[in-house]
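Visitor: dropping a prediction and its sequence here:
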Amino acid sequence: MKRMNHKNISLLSSALLFSGAGTGTLSAQYSPTPAFDGKIGKTPAETQESFPQRNPKAPADAPNIIWILIDDIGYGAVSAFGGLIETPNFDRLANQGLRYTNFHSTAFSAPTRAALLTGRNPHSVHFGFFSEWSYNTPGYDGYLPFEKATIAEILRENGYNTFAVGKYHLTHPADASQAGPFNRWPTGRGFDHYFGYIPNSGMDDSWHPTLYRDTQREPDDPQGRIATELFANEAIRYIADQKTAAPDKPFFLYFAPGATHCPHQASKEWVDRYKGRFDDGWDRYREIVLQNQIELGVVPDNTKLPPRNPGVKPWDELSADEKKLFARQMEVYAGFAAQTDYEVGRIIRFIEQIGQLDNTLVVLSVGDNGAEGSGRELGRFLSHDPNASAEQIVADEVKQLDLLGSEYSFAHYPEGWAAATNTPFRFYKGYPDYEGGTHNPLILFYPKKIKDQGGIRHQYSYITDILPTTLELAGVRAPAVINGYPQEPIEGVGLAYSIAPENKRLPERHNVQYHEMTGAYAIYKDGWKASFPNNRYGYRLRGEPDGAEYHLYHVREDFNETNDLADRYPEKVQELAELFESEAWKYNVFPLKDEWTNATQFIFDGRKQLTLHLGGRSYAEVLGFRFVNASYAITAETDIPRTGAEGVLLSLGNASAGVSFYVKNKKLTFVYNTAGRQTTVQSEKAIPSGKVTFKVEVASTGSELLKNKTVTLSVNGEKVATKELGAQLPILNPLPWIVIQAGRNFGTPVSAAYQSPFTFTGKLEKVAIVTL
């Protein structure tokens, strides 16, 4: 939609809708100078001042609002919904609020976040998949439209302060560098402040996160605290500062800590709390959790466990070492989730301490999709040669269990635990056509208005419903124009109608909803669900067990899709297929496409070289430039004092995989680290002092899977070392949030020869990378 001219904006501004405060045309982001209603005289005595209200004011007694979004977690994980991971703070919110048992997200992270923050369907706001793998049609280009405002933009127009903490994942990679533009960073989409991962990032290392404050890189935490703790600290600080400055002004906090997305990492004391708790395995876990869920009332009494997902072995058939390894992997995941619950509890207790909890609305979505099953048979822990057998991997990892969850592990549990924590549903994240990919627990907490404490609601709902629910409970409206952009309709359906105890059995109002992700799709209508798998793409872990092209479930009676009625009611399948097509045209879902189509829009695509300028700093960094599996050269221009210098010139990656170009013991060195195997090339001659140019050239030939690499080092144009590395496994192409560092090694060390950060002690002027 084209930007409107100033005259039209002014006319539309008069139509802004606010409730309760009589704020007229006020707008927090688009604020024309108000008309002067006083009188100008030659002297103050002859002058009458005018006091227009320049900023909108929230309705009297408007609630504080907190949205909490947990990442990659199944319906049967946390104790609030019958799981075996103890989450006392989630339990408190549920027991003093409401549990919604029929709530749904999309099947992937970024589309869920886009739908949540805007109250519109994911394809409608251009997030049918991730912006990192965008496709240039309206449903998939990864640019959140300004005509479809975020909750932060809406609430700020209604007199709220707005904060976002943790994982955003909605900024296009092309906009995520320090060149901007910054209007699609969180602070450009309505948030007064942001503290979290680079805003296009879908995951990060919890022990060594790459963090940003607003639009600037945050210094590393000197105490080495885990990311969830840092996020809770910032959330509390934002609230404390805001209530100090304006105690009567409400705030909105979006707290999305990125937990429990892999890598699964947690403090050892949290992991050890679960030692031995999962030794009975995932089959027994499912049985216990289903019984708990029935007793809690969060699944129907007649719910039965579905068959095991394809590829999941019976626990009793595993070897002793497999059981030991897999049980510890689940202990780490449980510790991660429990520690996240604790940090959420710290925020809630602080709000209670300052006397604000009774008038605070908390919306907790336990999951942005279902549990993540991509760990497959063995899960992930350490890096290995991909040709290693399962027996070799297990034997190696079981000897190093103390590293699980630490900074030296990239932990992810096997799909057996994903299936168990998704109880009672089948399949996982990435499956829009199965409840296991999209069915999540939802908790509403608002002491002032929720009187049915501990109540349960079964109406169908979707991630888009949270925004209109919030606006209704807060007593505010969405403006017709925000920041000069006329707004398009909100597509979610509010849940406030269901809150009163006498309304708990009212018919659902959200009675049609499509799901689509990477070509697989489903459609829900009035208790019926038809699903249409797509097995052509790589993410789905297994094919359809029966090779079926479509399924039909009466999910109002068959909660977890165990009775396929497609053959019995083909006319219902046809009706729903036609309804999906209508919804797909309406919301930008077409074209249906496989996962990785046109997946190339990264920050520096098309560029053959990149120069990092240090500008007098000790290090510089950049994200998203892909070079490491090509042929390339790295050149570092330095000034070496007479006493010598050492440290990292350039690094990418960590102890699991990466490259590092550095000086130690006056020797120029390059390390290629893949799957934990480190190959070192080092000069024999000591480096000189003064102005020195260091260079490494890496020539790569061969297939994508195995490349023959030749490394040549030079100092001031003189070759000082050459080495044939032979066939090397590729290093994972850096995703847009993987950091390239000049002047230091961020995180765990790429080379075992030094300790991070191993900051360069000479003067490093610039480092250039050129792909050859």
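Guide: Done, it's in.
Visitor: now G658: how far from S751?
Guide: Separation of G658 from S751 (C-beta to C-beta, to the nearest Å): 9 Å. Where C-beta positions appear, they are placed from N, C-alpha and C, glycine not excepted.
Visitor: common neighbours of these two, please.
Guide: N673 (C-beta atoms under 8 Å, 6 or more residues apart in numbering).
Visitor: scan the chain for its longest strand.
Guide: Ranked by residue count and defined by DSSP state E, the top strand of the chain is strand 690-702.
Visitor: and the closest residue to T215 other than its chain neighbours, what does it touch?
Guide: Counting by C-beta to C-beta, 6 or more residues apart in numbering, T215 lies nearest to F182, which is 5.0 Å off, once chain neighbours are set aside. Contact partners of F182, counting by C-beta under 8 Å, 6+ apart, are 175, 188, 215.
Visitor: with adjacent residues omitted, what lies nearest to the residue nearest the centre of the chain?
Guide: Residue closest to the average C-alpha location in the chain (C-alpha atoms, centre = their mean): G202, at 4.2 Å. Using C-beta to C-beta, 6+ apart and skipping the chain neighbours, the partner closest in space to G202 is H169 (5.2 Å).
Visitor: ok but the one you found is inside a strand, no?
Guide: No - H169 is assigned coil when assessed by DSSP: H, G, I helix; E, B strand; the rest coil, not a strand.
Visitor: tell me the average confidence for the helix or strand where E352 lies?
Guide: Following DSSP states H and E, one finds E352 within helix 320-353. The average pLDDT within helix 320-353 is 98.
Visitor: go through it and flag the buried ones.
Guide: 322-348, 350-351 (16 or more other C-beta atoms under 10 Å).
Visitor: next structured bit after it?
Guide: For helix 320-353, the succeeding helix or strand toward the C-terminus, using DSSP H and E, is strand 360-365.
Visitor: for that following strand, name the packing helices and strands.
Guide: With contacts taken as 3 or more C-beta pairs under 8 Å, 6 or more residues apart in numbering; DSSP states H and E, strand 360-365 sits against strand 64-69, helix 88-95, helix 320-353, strand 439-445, helix 466-474.
Visitor: quick one: which of the ones you listed is nearest K691?
Guide: Checking those against K691 by C-beta to C-beta gives helix 320-353 as the closest, at 48.5 Å.
Visitor: quick one: low-confidence ranges for the stretch 301-450 of the chain?
Guide: Along the stretch 301-450 of the chain, the model assigns pLDDT under 70 to residues 386.
Visitor: just give the nearest non-adjacent residue to Q392, would you?
Guide: Closest to Q392 by C-beta to C-beta, 6+ apart is H384, at 7.7 Å.
Visitor: right, and that neighbour touches A395 too?
Guide: No - H384 is beyond contact range of A395, at 11.0 Å (criterion: C-beta atoms under 8 Å).
Visitor: who has more neighbours out of the two?
Guide: H384 (18 against 14; other C-beta atoms under 10 Å).
Visitor: surely that one is in a helix?
Guide: No - counting by three-state DSSP, H384 is not found in a helix; it is coil.
Visitor: still on that earlier bit, got a list of what the residue nearest to G202 touches?
Guide: Applying C-beta under 8 Å, 6+ apart to H169 gives the contacts 109-110, 113, 130, 197, 199-202.
Visitor: how does it look with 10 Å?
Guide: Contacts for H169 (C-beta atoms under 10 Å, 6 or more residues apart in numbering) come out as 71, 108-114, 127, 130-132, 196-203, 256, 258, 368, 737.
Visitor: out of the residues you listed, name the ones that lie in helices.
Guide: Of the contacts of H169, the ones assigned to helices by DSSP state H are 109-114.
Visitor: surely A164 meets E153?
Guide: No - if you go by C-beta atoms under 10 Å, A164 and E153 don't touch, sitting 11.8 Å apart.
Visitor: shared neighbours, these two?
Guide: Between them, A164 and E153 share these contacting residues under C-beta under 10 Å, 6+ apart: 117, 189-191.
Visitor: quick one: which of these has the most company?
Guide: Within these, neighbour counts (other C-beta under 10 Å) peak at L117, which reaches 32 neighbours.
Visitor: ok, now how distant is that residue from I348?
Guide: If you go by C-beta to C-beta, the gap between L117 and I348 works out to 22 Å.
Visitor: related to what we said a few turns ago, state the pLDDT value of the residue nearest to G202.
Guide: Listed pLDDT for H169 reads 97.
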